[in-house]
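>>> Could you look at this predicted model? Sequence included:
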Protein chains: 2
Amino acid sequence: MSQLGNLLESLSTGKIELIDLTTSLSAQTPVLRLPEPFVNLIDFSLEQVSAYNAPGPLWKHHNIHTGEHIGTHLDAPIHWFTGKDGRDVAQIPPERLLGPAVVLDVSSESAQNPNFLLEIAHVTAWEEAHGPIPQNAWLLLRTGWDRFAQDQEQFLNADQNGPHTPGFSAECAQWLAEHTPISGVGVETVGIDAGSAGGMEPPFPAHHYLLGHDKYGVTSLQNLDKLPPTGAVIVVAPLPIVGGTGSPSRVFALVAHND
Amino acid sequence: MSQLGNLLESLSTGKIELIDLTTSLSAQTPVLRLPEPFVNLIDFSLEQVSAYNAPGPLWKHHNIHTGEHIGTHLDAPIHWFTGKDGRDVAQIPPERLLGPAVVLDVSSESAQNPNFLLEIAHVTAWEEAHGPIPQNAWLLLRTGWDRFAQDQEQFLNADQNGPHTPGFSAECAQWLAEHTPISGVGVETVGIDAGSAGGMEPPFPAHHYLLGHDKYGVTSLQNLDKLPPTGAVIVVAPLPIVGGTGSPSRVFALVAHND
Ligand SMILES: [Mn+2]
Ligand SMILES: [Mn+2]
């Protein structure tokens, strides 16, 4: 049988499982809240145009109003000033959107400290255990934050000192951008930067370095606990919006089971 | 090497190619125009909120305003009255969104006759040549209509008698829905029904029968000419919009090359 035929066969027998890493989109989907004087994007909403009634007797359909950056979404280089001469979301080569998934599980660290930051040493320790990060990989940060994805307040976890959610240190973000062959990073939180990243140097270092080096980010992932540290394949599927700085995206993973 | 490792290896060597079947999304993306008194969805637009300026000095981002049914998009069962108790776009099981692609090439027939309709006999002839349509397949109708995808007027091809674009006969749509194991159909045109389908019995039979039988549709596909009649794998990636009747979607195919 052909290689693709084998893949379909394994999917039908459960030897390979297709896992949905996407959070659902609705008016309840948590959204980043920037402090004043910054202007926030709108929340997600559906506007009903017909529902098997006079404006459309046989069909129901809606208009969609949403920010580019909501739910499970991709950040393209032009989202950040460091990538402003780079690619929009429609220009990302498809081969960068399908690749090996590597999962760094820092869920226990993040449960103890919501401001946990991934450092270079965590990545090199992972590489010692699992081998070098492969070309075109998506580095997925498993923090356990996906359990808050239906609750805006818990998901953002903000107090008078700002939001408290895990992410990357500035040094680690720079190193990932400049010294690893990743396509991008994926996180379970509302954005690819830690909640405390506005006060880092440079501010929002994951955005700063990754998008400035033609690497991408996906956010608000679900089900990373179902992925092995290495060996899974990820498919990141943003909408090809011309001039788009990002897009809500569907994200799937293929995971092999040994039994 | 593992099966998924082999897949990644074949992608990196070009033995397997990832092909983007998606048309780009912008204010120029052609949109269905329903006649009065029906109410149309809005066109796609990006609304700039910041662009490395006062409302967001380090970043650019937009709001998106669009219809659910635009560009390369998926029709979910609840889009049609026959499927109104069925699944919304977020409820479609992921395993229905990745499967074998079968391509029926009627591009020469459609070039001669823009009102060309696929009949049951075309599908059974395809099956005699290529074997039975596999479980979970997406039946892709290659008409050549993708060459008009950047031009609203040519894409809709309407005159005083209505639009003239290829599609499925009512008998064929009913047979595909009731007697084949497909997940859905994919077309290069603006909708899954032929331009003349409003005058058929029942009206819009592809919508009527397929969505009424928990089968789905994707539209405005590109690059179907790069797919073999059988052997490719398709990934259809709509956004999981709660209550959504459809969604703009990214669609990829995996195609094996023998050389
Ligand atoms: Mn973003
Ligand atoms: Mn539609």
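Here it is on my side, so go on. Ligands and ions are numbered 1, 2, ... in the order given.
>>> hey, let's count contacts and neighbours off CA atoms from now on
Fine.
>>> can you pull out the helices in the stretch 151-259 of chain A?
A:152-156, A:170-179, A:205, A:212 (DSSP state H, counting those that start in this stretch).
>>> Those helices: which one's closest to A:Gln48?
helix A:152-156 (24.4 Å; C-alpha to C-alpha).
>>> can you give me how far that closest one is from the chain middle?
17 Å (C-alpha atoms, centre = their mean, to the nearest Å).
>>> Tell me who's in contact with the spatially most central residue of chain A.
Centroid check for chain A by C-alpha atoms, centre = their mean gives A:Val218 as the closest residue, at 2.0 Å. Applying C-alpha atoms under 8 Å, 6 or more residues apart in numbering or on different chains, we find A:Val218 in contact with A:72-75, A:184-187, A:191-192.
>>> What residues does whichever residue of the stretch 151-259 of chain A sits closest to ligand 1 make contact with?
Residue of the stretch 151-259 of chain A nearest ligand 1, by C-alpha to the ion: A:Gly191 (5.7 Å). Each residue near A:Gly191 by C-alpha under 8 Å, 6+ apart is listed here: A:32, A:218-220.
>>> JSON lines for the residues you listed, including distance to ligand 2 and pLDDT?
Formatted as JSON lines, the contacts of A:Gly191 follow (distance: C-alpha to the ion, whole Å; pLDDT from 0 to 100):
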{"residue": "A:Leu32", "distance to ligand 2": "30", "pLDDT": "90"}
{"residue": "A:Val218", "distance to ligand 2": "27", "pLDDT": "98"}
{"residue": "A:Thr219", "distance to ligand 2": "28", "pLDDT": "98"}
{"residue": "A:Ser220", "distance to ligand 2": "27", "pLDDT": "98"}
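>>> Among those residues, give me the pair with the biggest separation.
A:Leu32 and A:Val218 (14.0 Å).
>>> give the contact list for the residue of the stretch 101-250 of chain A found nearest ligand 2.
Residue of the stretch 101-250 of chain A nearest ligand 2, by C-alpha to the ion: A:Leu239 (16.0 Å). For A:Leu239, the contacting residues are A:89-90, A:247-249, B:24-25, B:248-250, by C-alpha under 8 Å, 6+ apart.
>>> rewinding a little: a markdown table for the helices of the stretch 151-259 of chain A, including distance to chain B, mean neighbour count and mean pLDDT?
Formatted as a markdown table, those follow (distance: least, C-alpha to the nearest C-alpha, whole Å; neighbours: other C-alpha atoms under 10 Å in any protein chain shown; pLDDT from 0 to 100):
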| stretch | distance to chain B | mean neighbour count | mean pLDDT |
| --- | --- | --- | --- |
| helix A:152-156 | 17 | 18 | 96 |
| helix A:170-179 | 16 | 19 | 98 |
| helix A:205 | 11 | 24 | 98 |
| helix A:212 | 12 | 24 | 98 |
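>>> mind giving me a markdown table with these and columns for distance to ligand 2?
Conversion of the helices of the stretch 151-259 of chain A to a markdown table gives the following (distance: least, C-alpha to the ion, whole Å):
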| stretch | distance to ligand 2 |
| --- | --- |
| helix A:152-156 | 31 |
| helix A:170-179 | 40 |
| helix A:205 | 40 |
| helix A:212 | 37 |
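>>> A:Ala232: which of those helices is closest?
Taking the helices of the stretch 151-259 of chain A one by one with C-alpha to C-alpha, helix A:170-179 is closest: 19.9 Å.
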